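>>> Quick one, what's the 3D model for this:
(one chain, ligands or ions: 1)
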Amino acid sequence: MWYEKIPFYAPSNLSEALALCQELPDSALLAGGTDLLVQLRDPNDKVKALINIAGLPELQTIERLGNTVRLGAGVTFSRFLQQGADFFPPLTEAVRQLASPSIRNKATFGGNIVNASPAADTLPPLYAADAVVILQSIHGKRRVGLADFILGPKRSALQTGEILIQIEWHVPENYIYYYRKIGTRRALALSKVSFCGLYLPEDKTIRLAYGAVGPTVMRALAAEARFSKGDKESLLAEVTEMVQPINDQRSTADYRRFLCRQLTSEFLTRIS
Ligand SMILES: Cc1cc2nc3c(=O)[nH]c(=O)nc-3n(C[C@H](O)[C@H](O)[C@H](O)COP(=O)(O)OP(=O)(O)OC[C@H]3O[C@@H](n4cnc5c(N)ncnc54)[C@H](O)[C@@H]3O)c2cc1C
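Numbering: from 1, shown residues only. Model (predicted):
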C-alpha cells in the first residue's frame, strides 16, 4: 500500500509534536487511527507524513475540579470508562455505546471531535454541555466553543500547526438528562440519530442536541427557548423544522425526523 511508505514521526512530548506540526503542514496527526487509517486508504489523500500523538503524556488528563471537567484529547474511550465514568453520565452512556471494546481501546476524544462527523457519538452530550476545546500551536493556546469549532462534515476550525489538547465543560447542578443512540443494532453501529437532552432545574431551562441529522451536530436553540412557555407541541414542531436529515444507507430522512420528535417528546415527559 502506498501509505506504508509515508514518513512516520514519533514525538515523545507535546513540544516536539507541536514543532513537527509547524514544520510539516501536509502531515496528519495520528491518535487512535480508527478514522485516519481508514481515510488513508483513499489514494487521493494528500497526507505526506504521520505524526503519532497516541499516548503523549500532556494529552492524557482526566480531571474534575469542582464542576469543571477537563479531558485530554488523547484519552481513549476505554480509559475514560475506567477513570471518568462518573463525571458526566450522558457522555459515559454515549461512550459505552460507541463502536466496540477493541475500537474503544484505541479511539480518542480528540479524534472523534476533529474528525467532525455529524454522527460522532461524543458530540451530542458535549454540545449539550456547551463544551469548549483548547487548541495549542507553537504560538500559544486558544479556546473555542465546540459548536464553533466544528464547521461541517470532516471540517473543523483547527489551523495548520495546531493540536487539540483538551476538552473542557461545566457540569450543571442537579441536572436531569436523557441520552439515546438509535442504530441498526446495539453494538458496532453508527447512529441513525443520537440525542442528548439536559434539564437544568435551577434556572428551569433545557438543552437539546441531535446527532446525524444535519451537517454538524445541532443544538435546537429556538426550541429550547420555547420550553418556558410550556407549549410542548410547538416545541416539538420547532425541532422537526430545524433538523436537516438526509436519506443515506443508514436511514431515511423521514424516519430520522420522526425520531428527533419522538426522543424529544420522551425527554419532555421525563422532566414534566
Ligand atoms: C469499526 C469502527 C466503528 C466505529 N464506530 C463508531 C461509533 O459507533 N461512533 C463514533 O462516534 N465513531 C465511530 N467510529 C469512528 C472512530 O472510532 C471515532 O471517531 C474515534 O473517536 C476517532 O478517534 P481516533 O483517536 O482513532 O482518531 P484518528 O483516526 O487517529 O484521527 C481522526 C482525525 O482527527 C485528527 N486528530 C486526532 N487527534 C487529534 C488532536 N488531538 N488534535 C488535532 N487533530 C487530531 C487526525 O489527524 C484525523 O484527522 C468507528 C470506527 C471504526 C473503524
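
>>> who's in contact with whichever residue of the stretch 101-250 of the chain sits closest to the ligand?
In the stretch 101-250 of the chain, the residue that lies nearest the ligand is residue 111 (2.0 Å; C-beta to the nearest ligand atom). For every residue, glycine as well, the C-beta is placed using N, CA and C. Counting by C-beta atoms under 8 Å, 6 or more residues apart in numbering, residue 111 makes contact with 31, 32, 34, 35, 36.

>>> same check, this time on residue 83
Residue 83 makes contact with residue 62, according to C-beta under 8 Å, 6+ apart.

>>> ok, for the most centrally placed residue in the chain, nearest residue in space, not its chain neighbours?
For the chain, residue 123 is the residue whose C-alpha lies nearest the centre (C-alpha atoms, centre = their mean; 2.9 Å). Nearest residue to residue 123, sequence neighbours excluded (C-beta to C-beta, 6 or more residues apart in numbering): residue 217, at 4.2 Å.

>>> for the chain, longest helix please?
Assignment by DSSP state H gives helix 253-271 as the longest helix of the chain.

>>> can you pull the alpha-carbon coordinates of that helix into CSV?
Listed next in CSV are the C-alpha coordinates belonging to helix 253-271 (Å, rounded to 0.1, in the frame of the first residue of the first chain):
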residue,chain,number,x,y,z
ALA,A,253,-34.8,11.5,6.3
ASP,A,254,-38.4,10.9,7.3
TYR,A,255,-37.5,8.3,10.0
ARG,A,256,-34.8,10.5,11.4
ARG,A,257,-37.1,13.4,11.6
PHE,A,258,-39.7,11.2,13.4
LEU,A,259,-37.0,10.0,15.8
CYS,A,260,-36.0,13.6,16.7
ARG,A,261,-39.6,14.4,17.6
GLN,A,262,-40.1,11.1,19.5
LEU,A,263,-36.9,11.3,21.5
THR,A,264,-37.5,15.0,22.4
SER,A,265,-41.1,14.1,23.5
GLU,A,266,-39.8,11.2,25.7
PHE,A,267,-37.3,13.6,27.3
LEU,A,268,-40.0,16.2,28.0
THR,A,269,-42.3,13.5,29.5
ARG,A,270,-39.5,12.5,31.9
ILE,A,271,-39.0,16.0,33.2
